[in-house]
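S.K.: What follows is a protein structure lacking sequence information:
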């Protein structure tokens, strides 16, 4: 198995590799549960690796205390990574995060959230479906080529959330660029569970690194991929 950090090439993963969740939010940003509660929940679900990836911005000041709290948790049956999720803030592919926070992190997720158009941040709901999809594609590809993140978080997610659709040819372009630039394509259960089997042929063909995440804001959402893929494969 070819592994970079805690991530694997798509064609190398098996069901046991899905007992991870590398995209979880706690009460340090907009999650409902504390880090201690998240760790307890992950252990109950028999996860092996999790990453706490709270939202940051360049001016965020909480990260030192956040890191200290994660480091104090000592459990032998679960690896816990310190991470963050930052917004892709422009069409140059830069993330809205400070260099200090980068240095303190094990794992860096860059995601499209609100869209930087003109001097404003625009909500996806204020755009037409096609413009939303095209802007999300351009921001995603720019960040992948910039190579300042480990993972592209929930690819296509804003268009899927707002309009229920992100073109498969756009997914293909993102997957190809992830593979070329060794950026991890996040399979996110909150966004991709319903289209996983449509994505699978493209992931097999281009074989990018992948990670399994949930974008969990509650305990119930953590670690869903292991259940989704076991059910899909008939393993349970």
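M.R.: Now that the structure is in, tell me what you want to look at. Please read all numbers here as calculations on a predicted model, not as lab measurements.
S.K.: wait, what's in contact with residue 117?
M.R.: Applying CB atoms under 8 Å, 6 or more residues apart in numbering, we find residue 117 in contact with residue 135. (Glycine included, C-beta is placed from N, CA and C.)
S.K.: Just read off the phi/psi values of it.
M.R.: Phi and psi for residue 117, reported as degrees, to the nearest 10, are phi -130, psi 120.
S.K.: go on, the one 5 residues further on?
M.R.: Geometry field for residue 122 lists phi and psi as phi -100, psi 140, criterion degrees, to the nearest 10.
S.K.: Touching, it and residue 128? I think so.
M.R.: No - the pair residue 122 and residue 128 does not pass the contact test of CB atoms under 8 Å, sitting 11.6 Å apart.
S.K.: Provide a list of residue ranges in the protein with pLDDT below threshold.
M.R.: Along the chain, the parts satisfying pLDDT under 70 run over 1-6, 232-236.
S.K.: and the gap between the spatially most central residue of the chain and residue 64?
M.R.: Closest to where the C-alpha atoms of the chain average out (CA atoms, centre = their mean) is residue 153, at 3.2 Å. From residue 153 over to residue 64 the distance is 23 Å, taken as CB to CB, to the nearest Å.
S.K.: which of residue 122 and residue 128 has more neighbours?
M.R.: Using other CB atoms under 10 Å, the more surrounded residue of residue 122 and residue 128 is residue 122, with 15 against 9.
S.K.: For residue 167, see how far away that one is.
M.R.: From residue 122 across to residue 167, the span is 20 Å (CB to CB).
S.K.: what comes into contact with the longest helix belonging to the chain?
M.R.: The longest helix of the chain (DSSP state H) is helix 129-146. Contact partners of helix 129-146, identified using CB under 8 Å, 6+ apart, comprise 88, 90-95, 110, 112, 115-117, 124, 127, 149, 152, 155-156, 158-159, 162-163, 165-167, 170, 173-174, 177-178, 181, 183.
S.K.: Following element in sequence after that helix, please.
M.R.: Sequence-wise, the next helix or strand downstream of helix 129-146 (DSSP states H and E) is strand 151-153.
S.K.: dump the residue contacts of residue 155.
M.R.: Neighbours of residue 155 in contact, by CB under 8 Å, 6+ apart: 140, 166, 171, 174, 185, 186, 188.
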